[in-house]
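**Student:** Task: produce atomic coordinates for the following.
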Amino acid sequence: MRYQWFMVICGCVAILLISSLSCAGPLAPVSAPAAAGRIVVSFLFMPPSEIEPTYHTAIWLEDKGGKMVKTLFVSTELSVNEFKQGLACPDWIKQASWAKAEKSVVDAVTGPTPNVGGGTLSFDLAQLGLAPGTYRFCFQVHITEKYNILYRGMVDAGTSAQDVKIEVLHANKPVGAEELVKDVIVQYVPTAAR
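**Tutor:** The predicted structure is shown next:
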């Protein structure tokens, strides 16, 4: 008899638990918190001398292992046609799979090629849905033919403001080309420091 009462009580408890869970509605999916803050890059594109630069530009983030996380900016000519040739911003092209990218993604990050002179671009990490963590920031500029300049450095997206230490990589550099892009500064600015 005790066993029967025990089974009845267990059954009632189970029904109450199931009822209370179903009344609460579906559970919301758990997602990683977005990084609060932004990455700001400033640069100076110099007027051409003997070389006529294209200034096609790509900016993206990679994980610590060098795998593409997200494209942040692509200049219009590079986004529409030049990526198919493979000469402009080849490090970005290798990872971006741009021909397969959704139109909404392409439209969201494509913008005019920066003009000669000083420029600043700012990327809100929370708006981009990026979680706090360490990323490799990459900024590549095509100058001419097979010559590109790649600026990259590690960014700790979190709570502290940071000036990113940048390394500069040149490939197939023609004489006089090193002065066409100057004063590249990359900073991480947390929300609280705005």
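
**Student:** List the contacts of Leu72.
**Tutor:** For Leu72, the contacting residues are 39, 59-61, 109, 121, 123, 128, by C-beta atoms under 8 Å, 6 or more residues apart in numbering. The way it works is simple: take the backbone N, C-alpha and C, and place the C-beta from them, glycine included.

**Student:** got CSV for the residues you listed, with secondary structure too?
**Tutor:** As requested, the contacts of Leu72 are exported to CSV (DSSP: H, G, I helix; E, B strand; the rest coil):
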residue, secondary structure
Ile39, strand
Ile59, strand
Trp60, strand
Leu61, strand
Val109, helix
Leu121, strand
Phe123, strand
Leu128, coil
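
**Student:** Can you select the buried ones among those for me in ChimeraX?
**Tutor:** Here is the ChimeraX command that picks out the buried ones among the contacts of Leu72, judged by 16 or more other C-beta atoms under 10 Å:
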select :39,59,60,61,109,121,123,128
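
**Student:** would you list every one of the strands in this structure?
**Tutor:** 38-45, 56-62, 68-75, 110-111, 117-124, 133-144, 147-157, 162-163, 167-171, 181-189 (DSSP state E).

**Student:** okay, the contacts of Leu72 in a markdown table with distance to Met68 next?
**Tutor:** A markdown table is the format used below for these (distance: C-beta to C-beta, whole Å):
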| residue | distance to Met68 |
| --- | --- |
| Ile39 | 16 |
| Ile59 | 12 |
| Trp60 | 6 |
| Leu61 | 8 |
| Val109 | 13 |
| Leu121 | 18 |
| Phe123 | 15 |
| Leu128 | 14 |
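
**Student:** Now tell me which helix or strand of this protein has the poorest mean pLDDT.
**Tutor:** helix 2-24 (a mean of 40; mean pLDDT, DSSP states H and E).

**Student:** Report the residue spans of this structure with pLDDT below the cut-off.
**Tutor:** Scanning the chain for pLDDT under 70 picks out 1-35, 175-176, 192-194.
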